[in-house]
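K.L.:
Predicted model and sequence below, questions to follow.
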Amino acid sequence: MAAFDLQEQEQIAEIKALWAKWGALLTIVVVAMIAGYLGRQGWAAYKKHQGETASEAYSAVEKAFDAHDAAKTRTAADAMVANQSGHALTARAMLLAAKAAYDAKDLDHAKTALQWVVTNAKEDGVADIASLRLASVLMDQKQFDAAQQAVATPKSEGYAGLFADARGDVLMLKGDNAGARKAYQEAMSKLDKQSAAYQIVQTKLSSLGA
(Lines give C-alpha, C1' and ligand atoms only; values in the text may rest on other atoms or scores of the structure.)
Protein backbone atom coordinates (compact mmCIF):
# COMPACT_ATOMS: atom_id res chain seq x y z
CA MET A 1 0.00 0.00 0.00
CA ALA A 2 1.37 3.38 -0.95
CA ALA A 3 2.31 5.56 1.97
CA PHE A 4 0.00 8.50 2.76
CA ASP A 5 1.46 11.81 1.66
CA LEU A 6 1.99 14.54 4.22
CA GLN A 7 -1.37 16.28 3.60
CA GLU A 8 -3.30 13.03 3.96
CA GLN A 9 -1.42 12.23 7.16
CA GLU A 10 -2.34 15.65 8.56
CA GLN A 11 -6.03 15.12 7.67
CA ILE A 12 -6.04 11.70 9.30
CA ALA A 13 -4.41 13.15 12.39
CA GLU A 14 -7.10 15.87 12.55
CA ILE A 15 -9.87 13.30 12.20
CA LYS A 16 -8.34 11.18 14.95
CA ALA A 17 -8.07 14.23 17.20
CA LEU A 18 -11.70 15.22 16.55
CA TRP A 19 -12.89 11.69 17.20
CA ALA A 20 -10.87 11.49 20.39
CA LYS A 21 -12.55 14.69 21.58
CA TRP A 22 -16.09 14.26 20.29
CA GLY A 23 -16.45 10.59 19.37
CA ALA A 24 -18.11 9.47 22.58
CA LEU A 25 -20.62 12.32 22.45
CA LEU A 26 -21.42 11.66 18.78
CA THR A 27 -21.96 7.99 19.55
CA ILE A 28 -24.39 8.89 22.33
CA VAL A 29 -26.27 11.30 20.05
CA VAL A 30 -26.55 8.77 17.23
CA VAL A 31 -27.67 6.02 19.59
CA ALA A 32 -30.24 8.36 21.15
CA MET A 33 -31.57 9.33 17.71
CA ILE A 34 -31.90 5.69 16.70
CA ALA A 35 -33.55 4.80 20.01
CA GLY A 36 -35.94 7.74 19.64
CA TYR A 37 -36.89 6.71 16.14
CA LEU A 38 -37.44 3.10 17.14
CA GLY A 39 -39.36 4.27 20.19
CA ARG A 40 -41.69 6.41 18.07
CA GLN A 41 -42.20 3.56 15.64
CA GLY A 42 -42.88 1.16 18.48
CA TRP A 43 -45.28 3.57 20.17
CA ALA A 44 -47.18 4.12 16.92
CA ALA A 45 -47.50 0.37 16.44
CA TYR A 46 -48.62 -0.04 20.05
CA LYS A 47 -51.24 2.72 19.71
CA LYS A 48 -52.53 1.18 16.49
CA HIS A 49 -52.84 -2.20 18.18
CA GLN A 50 -54.55 -0.65 21.19
CA GLY A 51 -56.97 1.19 18.92
CA GLU A 52 -57.85 -1.97 17.02
CA THR A 53 -58.29 -3.92 20.26
CA ALA A 54 -60.49 -1.18 21.76
CA SER A 55 -62.62 -1.05 18.61
CA GLU A 56 -63.20 -4.79 18.76
CA ALA A 57 -64.06 -4.59 22.46
CA TYR A 58 -66.45 -1.69 21.86
CA SER A 59 -68.17 -3.67 19.11
CA ALA A 60 -68.86 -6.39 21.69
CA VAL A 61 -70.44 -3.77 23.97
CA GLU A 62 -72.59 -2.45 21.13
CA LYS A 63 -73.68 -5.95 20.17
CA ALA A 64 -74.81 -6.72 23.72
CA PHE A 65 -76.52 -3.32 24.00
CA ASP A 66 -78.40 -3.80 20.71
CA ALA A 67 -79.55 -7.17 22.01
CA HIS A 68 -80.99 -5.41 25.08
CA ASP A 69 -78.83 -7.56 27.34
CA ALA A 70 -77.91 -5.28 30.24
CA ALA A 71 -75.76 -7.86 32.01
CA LYS A 72 -73.62 -8.64 28.96
CA THR A 73 -73.36 -4.96 28.10
CA ARG A 74 -72.02 -4.18 31.56
CA THR A 75 -69.65 -7.19 31.50
CA ALA A 76 -68.21 -6.14 28.13
CA ALA A 77 -67.88 -2.52 29.27
CA ASP A 78 -66.22 -3.57 32.53
CA ALA A 79 -63.71 -5.59 30.48
CA MET A 80 -62.81 -2.41 28.62
CA VAL A 81 -62.34 -0.58 31.92
CA ALA A 82 -59.99 -3.33 33.03
CA ASN A 83 -58.01 -3.53 29.78
CA GLN A 84 -58.41 -0.18 27.98
CA SER A 85 -59.33 2.27 30.72
CA GLY A 86 -57.45 5.10 29.03
CA HIS A 87 -59.10 4.75 25.63
CA ALA A 88 -61.84 7.21 24.64
CA LEU A 89 -64.12 4.38 23.52
CA THR A 90 -64.20 2.97 27.05
CA ALA A 91 -66.15 5.96 28.35
CA ARG A 92 -68.60 5.56 25.49
CA ALA A 93 -68.93 1.87 26.31
CA MET A 94 -69.77 2.76 29.91
CA LEU A 95 -72.42 5.20 28.66
CA LEU A 96 -74.05 2.30 26.85
CA ALA A 97 -73.76 0.13 29.95
CA ALA A 98 -75.43 2.87 31.99
CA LYS A 99 -78.26 3.21 29.48
CA ALA A 100 -78.79 -0.55 29.41
CA ALA A 101 -78.87 -0.66 33.21
CA TYR A 102 -81.29 2.29 33.36
CA ASP A 103 -83.63 0.67 30.85
CA ALA A 104 -83.52 -2.48 32.98
CA LYS A 105 -84.45 -0.31 36.00
CA ASP A 106 -81.11 -1.04 37.64
CA LEU A 107 -80.46 2.50 38.81
CA ASP A 108 -77.52 1.63 41.05
CA HIS A 109 -75.50 0.10 38.21
CA ALA A 110 -76.49 2.97 35.92
CA LYS A 111 -75.26 5.47 38.53
CA THR A 112 -71.97 3.63 39.04
CA ALA A 113 -71.26 3.50 35.31
CA LEU A 114 -72.06 7.18 34.83
CA GLN A 115 -69.90 8.21 37.78
CA TRP A 116 -67.00 6.34 36.17
CA VAL A 117 -67.50 8.23 32.92
CA VAL A 118 -67.69 11.61 34.67
CA THR A 119 -64.39 10.89 36.41
CA ASN A 120 -62.48 9.16 33.61
CA ALA A 121 -63.78 10.34 30.23
CA LYS A 122 -61.07 11.83 28.00
CA GLU A 123 -63.60 13.96 26.11
CA ASP A 124 -65.27 16.83 27.94
CA GLY A 125 -68.49 16.45 25.95
CA VAL A 126 -68.78 12.78 26.91
CA ALA A 127 -68.19 13.63 30.57
CA ASP A 128 -70.90 16.30 30.41
CA ILE A 129 -73.40 13.92 28.83
CA ALA A 130 -72.67 11.48 31.65
CA SER A 131 -73.21 14.23 34.23
CA LEU A 132 -76.61 15.08 32.76
CA ARG A 133 -77.67 11.44 32.75
CA LEU A 134 -76.29 10.98 36.25
CA ALA A 135 -78.42 13.88 37.48
CA SER A 136 -81.47 12.22 35.92
CA VAL A 137 -80.72 8.93 37.69
CA LEU A 138 -80.15 10.71 41.00
CA MET A 139 -83.45 12.56 40.62
CA ASP A 140 -85.19 9.22 40.09
CA GLN A 141 -83.56 8.06 43.33
CA LYS A 142 -84.70 11.30 45.01
CA GLN A 143 -81.08 12.23 45.78
CA PHE A 144 -81.73 15.83 44.89
CA ASP A 145 -78.67 17.45 46.44
CA ALA A 146 -76.36 14.98 44.67
CA ALA A 147 -78.25 15.56 41.41
CA GLN A 148 -77.82 19.32 41.75
CA GLN A 149 -74.11 18.87 42.39
CA ALA A 150 -73.75 16.61 39.33
CA VAL A 151 -74.81 19.46 37.04
CA ALA A 152 -73.16 22.31 38.92
CA THR A 153 -70.58 23.18 36.25
CA PRO A 154 -70.06 21.66 32.79
CA LYS A 155 -66.60 20.92 31.49
CA SER A 156 -67.62 22.23 28.08
CA GLU A 157 -69.32 25.62 27.72
CA GLY A 158 -71.53 24.15 25.00
CA TYR A 159 -73.42 22.23 27.68
CA ALA A 160 -74.02 25.21 29.97
CA GLY A 161 -77.63 25.63 28.87
CA LEU A 162 -78.50 21.96 29.38
CA PHE A 163 -76.82 21.97 32.79
CA ALA A 164 -78.87 25.01 33.84
CA ASP A 165 -82.03 23.27 32.59
CA ALA A 166 -81.19 20.19 34.66
CA ARG A 167 -80.55 22.32 37.73
CA GLY A 168 -83.97 23.88 37.22
CA ASP A 169 -85.53 20.41 37.19
CA VAL A 170 -83.81 19.49 40.45
CA LEU A 171 -84.81 22.72 42.14
CA MET A 172 -88.42 22.34 41.03
CA LEU A 173 -88.48 18.81 42.50
CA LYS A 174 -87.08 20.25 45.73
CA GLY A 175 -89.94 22.75 45.80
CA ASP A 176 -87.70 25.75 45.13
CA ASN A 177 -89.75 27.37 42.38
CA ALA A 178 -87.88 30.66 42.56
CA GLY A 179 -84.56 28.87 42.14
CA ALA A 180 -85.97 26.74 39.34
CA ARG A 181 -87.26 29.83 37.54
CA LYS A 182 -83.83 31.44 37.73
CA ALA A 183 -82.12 28.30 36.44
CA TYR A 184 -84.54 27.98 33.52
CA GLN A 185 -84.01 31.64 32.63
CA GLU A 186 -80.27 31.02 32.62
CA ALA A 187 -80.79 27.99 30.41
CA MET A 188 -82.81 30.00 27.89
CA SER A 189 -80.09 32.61 27.76
CA LYS A 190 -77.57 29.97 26.74
CA LEU A 191 -79.61 27.68 24.48
CA ASP A 192 -80.20 28.19 20.77
CA LYS A 193 -83.65 29.76 20.40
CA GLN A 194 -84.37 27.48 17.44
CA SER A 195 -83.57 24.30 19.37
CA ALA A 196 -86.12 21.88 20.79
CA ALA A 197 -84.40 22.20 24.17
CA TYR A 198 -85.14 25.94 24.22
CA GLN A 199 -88.83 25.34 23.56
CA ILE A 200 -89.01 22.72 26.31
CA VAL A 201 -87.38 25.03 28.86
CA GLN A 202 -89.74 27.81 27.82
CA THR A 203 -92.67 25.51 28.54
CA LYS A 204 -91.24 24.62 31.95
CA LEU A 205 -90.78 28.29 32.75
CA SER A 206 -94.36 29.06 31.72
CA SER A 207 -95.61 26.32 34.05
CA LEU A 208 -94.01 28.23 36.91
CA GLY A 209 -96.02 31.32 36.06
CA ALA A 210 -93.15 33.26 34.48
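P.N.:
Nice, thanks for sending it over. No experiment lies behind these values; they were computed from the predicted model shown.
K.L.:
now the helices for this structure?
P.N.:
6-66, 70-83, 88-103, 107-120, 124-140, 144-150, 160-173, 177-190, 196-207 (DSSP state H).
K.L.:
quick one: least confident helix or strand in the protein?
P.N.:
helix 6-66 (a mean of 66; mean pLDDT, DSSP states H and E).
K.L.:
and residue 130, what is it in contact with?
P.N.:
91, 94, 95, 98, 114, 117, 118, 121 (C-beta atoms under 8 Å, 6 or more residues apart in numbering). C-betas here are computed from N, CA, C, even on glycine.
K.L.:
Between those residues, which sits nearest residue 153?
P.N.:
residue 118 (11.9 Å; C-beta to C-beta).
K.L.:
and the contacts of residue 130 as a markdown table, adding neighbour count, distance to residue 175 and pLDDT?
P.N.:
Listed next are the contacts of residue 130 as a markdown table, based on neighbours: other C-beta atoms under 10 Å; distance: C-beta to C-beta, whole Å; pLDDT from 0 to 100:
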| residue | neighbour count | distance to residue 175 | pLDDT |
| --- | --- | --- | --- |
| 91 | 26 | 34 | 94 |
| 94 | 28 | 33 | 96 |
| 95 | 22 | 31 | 95 |
| 98 | 29 | 28 | 96 |
| 114 | 29 | 25 | 97 |
| 117 | 25 | 30 | 96 |
| 118 | 20 | 27 | 97 |
| 121 | 22 | 33 | 94 |
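K.L.:
And those residues, which two are furthest apart?
P.N.:
98 and 121, at 12.0 Å, using C-beta to C-beta across these.
K.L.:
burial count for residue 87?
P.N.:
As a burial measure, residue 87 scores 21 neighbours (other C-beta atoms under 10 Å).
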